[in-house]
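In: All I have is the shape, not the residue letters:
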């Protein structure tokens, strides 16, 4: 055993220096040089202020904005540090709901959200009168920046009404912000909620 | 299910088949000490390490020497990682002022990363400083992956050598794998990740005001450098709590695809390295075929399951056409979520891009079964190959019994000692998985951490120990595992799952190395054809099925019927 001690110490120290210090630091330098925007978090600016990241969803509740998916992220309860309270799109505490398919809490939540969505969107007429699944399910990270095109279409009448715009005008904006699968193969059709809402704000000015 | 979905799966399989041979050739040259493309660049550094450490390349070790070198190295690695995690509050690169980990959490995390499990009882962005992420966790990501591959190389040398007493030099293998394979690939991979949007910065989290005037804090850090080795080394420990579902770890469908390819890349290539080293690449392809068939079966069931919507929710008025989207990200959809989950549990990676706990019962069953079978479907880097070869030994043993002949594998007679050691390795896993689950579900300390009740609660506990002993690291993550009971028992499970396989494997390798080679005769059972593939698959499924079916029946299978009946818990 003792004969292993010197190689073990030397290899661990050298490898720590290489893989734990030199490698991440060199990459930080290279990334900042080659891809400074991405390395810093793909931040979006408006009037010189950071308003979000193109990759991270944020909470929207106003009628004039498209709403993201429900989020299961939480924050520490200010009144009791051992408990948590819902805090959607809390981007420093990512989490899914981790509710199983037979969880009563899941069915209860979806039932409430369906009533809520119908009340919020009285003019929406989804196919078969069924609500888009992504507006009723929480994402894995709680920070999903996207919704499906169907979930965007569902919200168009509400958003258009709030801005006093024609449905078609908002639909055109949604279409322009719909991203396609890479090479027609990888990934899903999707709409980035934050960049779409930024475009709405800009169009209204 | 869609044609486009199946096309994504088919393209993935084609890519892995394409990677296997070239990367396998590279690993063979690495294992046999030949000059490599990067030798002029890295050679001086490599020789410098040997000089400093007093390592002579020609000094080979027997299995006891090889295993004890690994154990000494692991012990030191544990102490270093534990110390950093306990002292992180006072160490540099802690812009968010993260406090020290509790002793049980630091112990659990250090064991977790050095056994290549990467079980996480903590949420990354709320717990770890940048120093902890880089110097404690990233280092062990590299070292545990390199050690796994080193053991696989030693095992294969044992099979190929004749009347030999040594298996190689642990320090040389570890150093060469890190310097010539893991580090160079990671540098390139990490840069691709940054290009696609994975952050790489040492700054503090970003505070901002949202469009609606709310306050949001973006957790950020040196993510890309850790992400690359996390996938390539089948480690799986996320920088963030949401792991590869977090948009900063996995921002695009392309990154997701590359992450999946990188999980399987080395495991698949090692089958080819095995074939080349035993002098017949078909031997490697036979193993590849057996692994590939198990993988296709798993991914098909998973995809078919998750493409269905939860019937309880559609009955409430939800549109079912997107499939089961609870705990999944839009940019990946059902197919990339199902594919990723099958891959991460077939290999001992454990990274997740969707929350396994929210899968439908049969969708959640597949990841569990993948791990229960021993993670030999390409498997963890290195551990997948030696784990599979243990089943191959049982398969030829069974074949030998059937025809009444002394079994042999690749010209080596398989005798009582090898079979006993193989059974020790294979049986230690279910003992830990099922034994600890049984204890946890009858103790308050166990059940109080469960988030679900009914069969799903049982699945949560079972998954945790299956994942720990299998060195996978994924979870039914509703479990509040950061308690002394869970941290301690899971830590023990991870150690047994790692070392009770590695040490018998090295002993078997040594016993094989000492044997003479028997020339093949007309009575030799060929191990490079479809008959062998079918037999070894049969052994894997019978051992796994008989061991785990009762436990699976209590968890996901009961829940499947409960869901169909609309029962809620």
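Out: Cool, got the structure. Predicted model only: the values in this text are computed from it and were never measured. Numbering: from 1, shown residues only, chains lettered A, B, ... in the order given.
In: what mean pLDDT does stretch B:474-490 have?
Out: Throughout stretch B:474-490, pLDDT has a mean value of 93.
In: cool, and stretch B:544-557?
Out: 94.
In: gap between that stretch and the chain center?
Out: Distance, stretch centre to chain centre, for stretch B:544-557: 21 Å (Cα atoms, centre = their mean, to the nearest Å).
In: Could you pull out the buried residues of it?
Out: B:544, B:547-548, B:551-552, B:554-557 (16 or more other Cβ atoms under 10 Å in any protein chain shown). No exception for glycine: its C-beta is placed from N, CA and C like everyone else's.
In: How about stretch A:108-125?
Out: A:109-110, A:113-114, A:117, A:121, A:124.
In: Contact residues of the stretch 1-150 of chain B facing chain A?
Out: B:4, B:7-8, B:11, B:49, B:52-55, B:68-69, B:72-73, B:76-77, B:80, B:123, B:125-126, B:134-136, B:138-139, B:142-143 (Cβ under 8 Å from any Cβ of the partner chain).
In: Just the buried residues of those residues.
Out: Buried, going by 16+ other Cβ under 10 Å: B:8, B:49, B:53, B:55, B:68-69, B:72-73, B:76-77, B:80, B:123, B:125-126, B:134-136, B:138-139, B:142-143, out of the residues of the stretch 1-150 of chain B next to chain A.
In: out of those residues, which are inside helices?
Out: B:8, B:49, B:53, B:68-69, B:72-73, B:76-77, B:80, B:125-126, B:139, B:142-143 (DSSP state H).
In: For the stretch 351-500 of chain B, give me the ranges with low pLDDT.
Out: For the stretch 351-500 of chain B, no stretch has pLDDT under 70.
In: What sits closest to residue B:296 if chain neighbours are left out?
Out: residue B:13 (7.6 Å; Cβ to Cβ, 6 or more residues apart in numbering or on different chains).
In: so after the helix or strand of chain A with the lowest mean pLDDT, what's the next helix or strand?
Out: The weakest-scoring helix or strand in chain A, judged by mean pLDDT, DSSP states H and E, is strand A:80-86 (a mean of 89). Toward the C-terminal end, the helix or strand that comes next after strand A:80-86 (DSSP states H and E) is helix A:104-120.
In: Quick check: the gap between the residue in chain A that chain B sits nearest to and residue B:345.
Out: Nearest residue of chain A to chain B, counting by Cβ to the nearest Cβ: residue A:187, 2.6 Å away. According to Cβ to Cβ, to the nearest Å, residue A:187 and residue B:345 sit 22 Å apart.
In: So between those two, which is more surrounded?
Out: Comparing residue A:187 with residue B:345 by other Cβ atoms under 10 Å in any protein chain shown, the one with more neighbours is residue B:345, at 31 against 23.
In: And the more buried one, how far from residue B:143?
Out: Taken as Cβ to Cβ, the span from residue B:345 to residue B:143 is 23 Å.
In: Could you do residue B:428 as well?
Out: Residue B:428 sits 23 Å away from residue B:143, going by Cβ to Cβ.
In: With residue B:387 instead?
Out: In terms of Cβ to Cβ, residue B:387 sits 19 Å off from residue B:143.
In: Then residue B:333?
Out: 35 Å.
In: cool, and residue A:147?
Out: 42 Å.
In: tell me the domain ranges of chain A?
Out: Per the record, chain A has its domains at A:2-39, A:43-204, by automatic domain parsing.
In: pLDDT score for residue A:1?
Out: For residue A:1, the model assigns a pLDDT of 66.
In: how many other residues sit next to residue 17?
Out: Just so you know, I chose chain A. 13.
In: that answer is for a different chain, and I need it for chain B
Out: The burial count for residue B:17: 13, using other Cβ under 10 Å.
In: Now do the contacts for the spatially closest residue to residue B:100 that is not a sequence neighbour.
Out: Leaving out its chain neighbours, the residue that sits closest to residue B:100 by Cβ to Cβ, 6+ apart is residue B:89, at 4.9 Å. Residues in contact with residue B:89 (Cβ atoms under 8 Å, 6 or more residues apart in numbering or on different chains) are B:97-100, B:129.
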